[in-house]
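Asker: next one to model:
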Amino acid sequence: MPVQNKASLPVIKRLPKYYRYLTNLSADGREKISSSELAHMMGTTASQVRQDFNCFGGFGQQGIGYKVDVLRAEIGKLLFGDGERLPTILIGAGHLGSAVSSFISRDTNGYRLIGVFDVKPELFGQTICGVQIFPLRELARFCAEHHPTVAVLCVPRQSAMDLAGELVEYGIQGVWNFSHYDLSVEYPQLTVENVHLGDSLMSLGYRLRNQE
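Answerer: Purely as a prediction, here's the structure:
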C-alpha cells in the first residue's frame with residue numbers, strides 16, 4: 001500500500017510492536033481485530049492506531065476493523081520491503097557480539113549476516129552462527145567486495161568513534177549501535193538505531209524506586 005505521508009519516528013518505532021502482536025494473534029487463529037482492541041493491547045488509543053495506519057494509507061474500513069493476516073502482511077511489507085534481506089556485518093565478536101549475531105541469524109528480521117570482525121588474533125578464522133570472523137584490518141577489502149548495507153557495532157565507545165568515518169567511506173548506510181557513541185550526531189547521513197542497555201536498566205530502576 002503506498003505511503004500517503006512521511007511517518008514520524010515514533011510511528012515507525014511502533015510498527016514492530018504492531019507486527020509482533022499481530023503475529024501472535026494470527027498464531028492464535030484470530031481473523032479480525034478492531035482498532036480499539038489493538039489499541040488496548042498496545043497501551044494506546046484507537047485514535048492513535050488509526051492515525052498511525054493512516055500514515056501509510058490506512059489498512060481497514062471504518063466500523064469493520066482489520067483482517068489480522070492482511071494487516072500483518074501490509075506492516076511486514078513496510079518493515080521488510082520486498083523480502084530481500086539487508087547484507088550486514090558485525091564488528092566486535094565478544095559476548096555481546098555473539099549474542100547479537102545469534103539473534104540476527106535466527107530471527108526473520110530482514111537482515112543477513114555476512115561477516116564478523118574483531119581485533120583479537122585468537123578469534124580469526126573462527127565462526128559465529130556459521131559466519132567467519134575476520135581481522136578488523138580486512139574491513140575495507142571485505143566491504144569493497146561484498147558491499148554490506150548495515151553494520152552492527154558491539155565495541156567500546158572509542159572504537160566506534162574510530163570506526164565511524166571508515167564505515168561511511170565504505171558505503172555503510174545503517175548502523176545498529178551498541179556502543180555509547182551517538183553516530184548520528186557527527187554522521188547525519190547514516191541511519192542509526194542506538195541501543196543503550198544501561199539506559200534501559202537505569203530507567204527500570206528509577207521506575208521501581210519511584211512508584212506511587
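Asker: downstream of the lengthiest helix in the chain, the next helix or strand is which one?
Answerer: What stands out as the longest helix in the chain, according to DSSP state H, is helix 9-27. Proceeding N to C from helix 9-27, the next assigned helix or strand is strand 32-33, under DSSP states H and E.
Asker: who does that following strand touch, helix- and strand-wise?
Answerer: Contact here means 3 or more Cβ pairs under 8 Å, 6 or more residues apart in numbering; DSSP states H and E; on that basis strand 32-33 packs against strand 66-67, helix 68-80. For the C-beta atoms, the positions are set from N, CA and C on the backbone; glycine is no exception.
Asker: pull out the buried residues from the longest helix of the chain.
Answerer: Applying a neighbour-count criterion of 16 or more other Cβ atoms under 10 Å, one finds V11, R14, L15, Y18, Y19, Y21, L22, L25 buried in helix 9-27.
Asker: show the model's pLDDT score for the residue lying closest to the fourth one once chain neighbours are set aside.
Answerer: In space, not counting the residues next to it along the chain, Y18 is nearest to I75; the distance is 5.5 Å by Cβ to Cβ, 6 or more residues apart in numbering. Confidence per residue is given as pLDDT, and for I75 that number is 94.
Asker: and Q61, by the same measure?
Answerer: Per-residue confidence (pLDDT) for Q61: 64.
Asker: ranges for the strands of this structure?
Answerer: All strands of the chain, identified by DSSP state E, fall at 32-33, 66-67, 86-91, 111-118, 127-128, 131-135, 150-153, 174-177, 191-194.
Asker: right, so those: which one is the most enclosed?
Answerer: Mean neighbour count, computed with mean count of other Cβ atoms under 10 Å, is highest for strand 150-153 among the strands of the chain, reaching a mean of 26.
Asker: paired strands for that strand, with orientation please.
Answerer: strand 86-91 (parallel), strand 174-177 (parallel) (DSSP bridges).
Asker: so how far is it off the chain centroid?
Answerer: Remark: strand 150-153 is offset 11 Å from the chain centroid, using Cα atoms, centre = their mean, to the nearest Å.
Asker: C-alpha coordinates for it, PDB please?
Answerer: Output of strand 150-153 as PDB, limited to C-alpha atoms (Å, rounded to 0.1, in the frame of the first residue of the first chain):
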ATOM      1  CA  VAL A 150      24.400  -2.400   7.600                       C
ATOM      2  CA  ALA A 151      27.000  -2.500  10.400                       C
ATOM      3  CA  VAL A 152      26.300  -3.700  13.900                       C
ATOM      4  CA  LEU A 153      28.700  -2.200  16.400                       C
END
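Asker: tell me what the helix or strand of the chain with the lowest mean pLDDT is packed against?
Answerer: Ranked by mean pLDDT, DSSP states H and E, the weakest helix or strand in the chain is helix 183-186, scoring a mean of 79. Judged by 3+ Cβ pairs under 8 Å, 6+ apart, the packing partners of helix 183-186 are helix 157-169, strand 191-194.
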